[in-house]
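**Q** Have a look; sequence and predicted model below, questions after that.
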Amino acid sequence: MADFLQFAFSGLTVGAIYALVALGFTIIYNASDVVNFAQGEFVMIGGMVTVFAYAAGLPLPVAALLAVIVAVFVGLALEWLAIEPARDAPPVTLIIITIGASIFLRGLAQVVFDKQFHSLPAFSGDEPIRIGGAALLPQSFWVLGSAIVIFLALYAFFNHTLTGKAVLATAANRFAARLVGINTTFVMALSFAVSAAIGAIAGVLVTPITLTSYDVGTLLALKGFASAMLGGMGNPIGAVIGGLLVGLLEAFGAGYINSEYKDAIAFLVILGVLFVMPQGLFGRSHTERV
Amino acid sequence: MLTIENLTSGYGRIEAVKGVDIHVEKGEIVTLVGANGAGKTTLLRAISGVQPITGGRILFEGEDISRLKPHQRVARAIAQVPEGRQVFGPLTIEDNLRLGAYRRNGKNSARYLERIYSIFPVLKARRNSIAGGLSGGQQQMLAIGRALMSGPKLLLLDEPSMGLAPILVDQILEAVKVMRAEGATVFLVEQNAFAALSIADRGYVIETGKIAFSGNARDLLEDERVKSAYLGL
């Protein structure tokens, strides 16, 4: 039982990070049909900038804020310099552009930062909290709590603000969105900025637990993408549930089967689900009259 | 109010609009009729700024708007009901309408909503349904309602009768007359020349990207050339 709880806690913690990355994918995908494979790089930037700003003497919250701002600027630059000029290209071309951007950002991070692994102090100490025989790091609560706050904020934004609905409208019909006076260029920029901010926050939160380095983005992007696909691409609730599921699958796979194969186990299950449900668990199968 | 001077526009090397001059005065209903592929939709999209122009000018209330972005033209109170409705399928009817008021940041939405629901009661009954599930006629009402939410000075309508049953066509055209009575200027593009000319003040006939003839709507209805080519008489 203690084992089970331990695996569940660590699975949920990692899963919350995957969920945040998957949400980043979802927001950009909805606004632009682009699967942004540079999403993991935002997580890396969040972690690395915080580490170096903190080492330079800034207080941790200020360093974290700086990291989020840097990530937002990188997100905006990515949209403005790489996506916008190719706006009319087919989605596959845009996806390849984002892969190129992610390689570029990783290379840049090697030069600007270094190739070492770095950590941050946990926000409220390293003293584990014992629940039912399992030891839970206080940082896990930070991760889970922040993920919940971000998700609720996004939910409120998309469902209760006109700007949020304008993003959804742009996703649904870009042409009509322009005709009702929505500045779709602004919507695209907003989507990249929000995704970058969410990624960076995930990066700051997870660094005390999993460490960070210039290349953590690759695997996180892959896991986040798998989570989004599992939940159904484009569905924010699917992204969150997909992320948590992937995290739990990994933790239980590593705990009960073999930690060498934790990634393989998670991906096998995802493949199985997508084989039966190609739209993902909560994928849209929308009907529309024309 | 709207003056189009020697406008040209096209797709790649194909020119769809070849030097068109049109003017619409405040409070008028002006219609542009023509066959499929004559350049009607291209012209209307160029006015809204979603179709690039290759020459000429578009003046709105004396200002050259040819280079403005689509949202800047909406901000000047030009609204378009596009061909094929183009509603936001996954969003609810009420959200679709509220987005029509985007240029005012949603201010006074309640008042406009009431007005639109009184013109199209069926939209009120289904206000929380998904727009994609509406019938063609209801989607057309929604598309018109969405354009009206912006409080337009100039309303551009692209083939509002297309694919609708005759009774719905009458209902839509009746709504157009109501809008004019409330102060909007209407520029109506139609393939259904008879229906369009019967509610319009003036009309233009476009043929392969050029204005073939224009005049008083009543005169055009009586014109032998229009009759034989567009009214099937």
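**A** The structure has been received and is ready for your questions.
**Q** Could you use CA atoms for every contact and neighbour count after this?
**A** OK.
**Q** tell me, how many neighbours does A:Ile237 end up with?
**A** Around A:Ile237 sit 18 other residues, with neighbours defined as other CA atoms under 10 Å in any protein chain shown.
**Q** could you give the mean pLDDT of stretch B:72-91?
**A** Mean pLDDT, taken over the full extent of stretch B:72-91, equals 93.
**Q** what helix or strand does the residue of chain B found nearest chain A sit in?
**A** Using CA to the nearest CA, the point where chain B gets nearest to chain A is B:His71, with a distance of 3.9 Å. Using DSSP states H and E, B:His71 falls within helix B:70-75.
**Q** roughly how far is that helix from the heart of the chain?
**A** Between the mean C-alpha location of helix B:70-75 and the chain-wide mean there is a distance of 15 Å, by CA atoms, centre = their mean, to the nearest Å.
**Q** Which elements pack onto that helix?
**A** Using 3 or more CA pairs under 8 Å, 6 or more residues apart in numbering or on different chains; DSSP states H and E as the contact criterion, the secondary-structure elements in contact with helix B:70-75 are helix A:174-179, helix B:40-48.
**Q** Check which helices and strands the longest one sits against.
**A** Taking 3+ CA pairs under 8 Å, 6+ apart as the contact definition, the neighbouring helices and strands of helix B:40-48 are strand B:2-11, strand B:14-24, strand B:29-34, helix B:70-75, strand B:78-81, strand B:154-158, strand B:185-190.
**Q** Turn the ones you listed into TSV, including distance to B:Asn108.
**A** What follows is these, written out as TSV (distance: least, CA to CA, whole Å):
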stretch	distance to B:Asn108
strand B:2-11	26
strand B:14-24	28
strand B:29-34	26
helix B:70-75	15
strand B:78-81	17
strand B:154-158	19
strand B:185-190	21
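**Q** out of the ones you listed, deepest packed?
**A** Looking across those with neighbours counted as mean count of other CA atoms under 10 Å in any protein chain shown, the highest average goes to strand B:78-81: a mean of 28.
**Q** what's downstream of that strand, the next helix or strand?
**A** Downstream of strand B:78-81, the next assigned helix or strand under DSSP H and E is helix B:93-100.
**Q** I'd like to know which helix or strand in chain A has the lowest mean pLDDT.
**A** Using mean pLDDT, DSSP states H and E, the weakest-scoring helix or strand in chain A turns out to be helix A:262-276, at a mean of 84.
**Q** Now do the buried residues in that helix.
**A** Taking 16 or more other CA atoms under 10 Å in any protein chain shown as the neighbour-count basis, helix A:262-276 is seen to contain the buried residues A:Lys262, A:Asp263, A:Ile265, A:Ala266, A:Phe267, A:Ile270, A:Leu271, A:Val273, A:Leu274.
**Q** Name the residues that touch that helix?
**A** Outside of helix A:262-276, the residues within contact range by CA atoms under 8 Å, 6 or more residues apart in numbering or on different chains are A:Ala226, A:Leu230, A:Val246, A:Leu249, A:Glu250, A:Ala251, A:Gly253, A:Ala254, A:Gly280, A:Leu281.
**Q** before we move on, the earlier item: name the nearest residue to the residue of chain B closest to chain A, sequence neighbours excluded.
**A** The spatial neighbour of B:His71 that comes closest, neighbours along the chain excluded (CA to CA, 6 or more residues apart in numbering or on different chains), is A:Gly181 at 3.9 Å.
**Q** pretty sure the one you found contacts B:Arg103?
**A** Yes: counting by CA atoms under 8 Å, a contact exists between A:Gly181 and B:Arg103, whose distance comes to 6.0 Å.
**Q** Mutual contacts of these two, please.
**A** Each of B:His71, B:Val74, B:Ala75 lies in contact with both A:Gly181 and B:Arg103 under the rule CA under 8 Å, 6+ apart.
**Q** Would you format those residues as JSON lines with distance to B:Leu123 included?
**A** Output for those, formatted as JSON lines (distance: CA to CA, whole Å):
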{"residue": "B:His71", "distance to B:Leu123": "26"}
{"residue": "B:Val74", "distance to B:Leu123": "23"}
{"residue": "B:Ala75", "distance to B:Leu123": "25"}
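**Q** Name the nearest of those relative to A:Gly217.
**A** B:His71 (36.5 Å; CA to CA).
**Q** Would you check how far apart that closest one and A:Ser32 are?
**A** Distance, B:His71 to A:Ser32, by CA to CA, to the nearest Å: 18 Å.
**Q** so what's residue 117 up against?
**A** With no chain named, the answer covers chain A. A:Leu211, A:Thr212, A:Ser213.
**Q** think we crossed wires, I meant chain B
**A** Residues near B:Tyr117 by CA under 8 Å, 6+ apart: B:Leu123, B:Lys124.
**Q** and the closest residue to chain B within chain A, what does it touch?
**A** As assessed by CA to the nearest CA, chain B sits closest to A:Gly181 within chain A, at 3.9 Å. Taking CA under 8 Å, 6+ apart as the contact definition, A:Gly181 lies against B:Pro70, B:His71, B:Gln72, B:Arg73, B:Val74, B:Ala75, B:Tyr102, B:Arg103.
**Q** Now do the same for it: helix, strand or coil?
**A** coil (DSSP: H, G, I helix; E, B strand; the rest coil).
**Q** quick one: secondary structure of A:Ser10?
**A** helix.
**Q** ok, and the closest non-adjacent residue to it?
**A** A:Ala251 (6.5 Å).
**Q** hey, which helix is longest across chain B?
**A** Within chain B, and with DSSP state H defining each element, the longest helix by residue count is helix B:166-181.
**Q** could you measure the residue most central in space within chain B against B:Pro121, distance?
**A** Averaging the C-alpha coordinates of chain B gives a centre point, and the residue nearest to it by CA atoms, centre = their mean is B:Leu157 (1.2 Å). Shown here: B:Leu157 relative to B:Pro121, a distance of 21 Å by CA to CA.
**Q** Quick one: residues contacting residue 97.
**A** Using chain A here. Counting by CA under 8 Å, 6+ apart, the residues that A:Ile97 touches are A:Ala82, A:Ile83.
**Q** could you do chain B instead?
**A** Contact analysis of B:Leu97 by CA under 8 Å, 6+ apart lists B:Leu113, B:Leu142, B:Gly145, B:Arg146, B:Met149.
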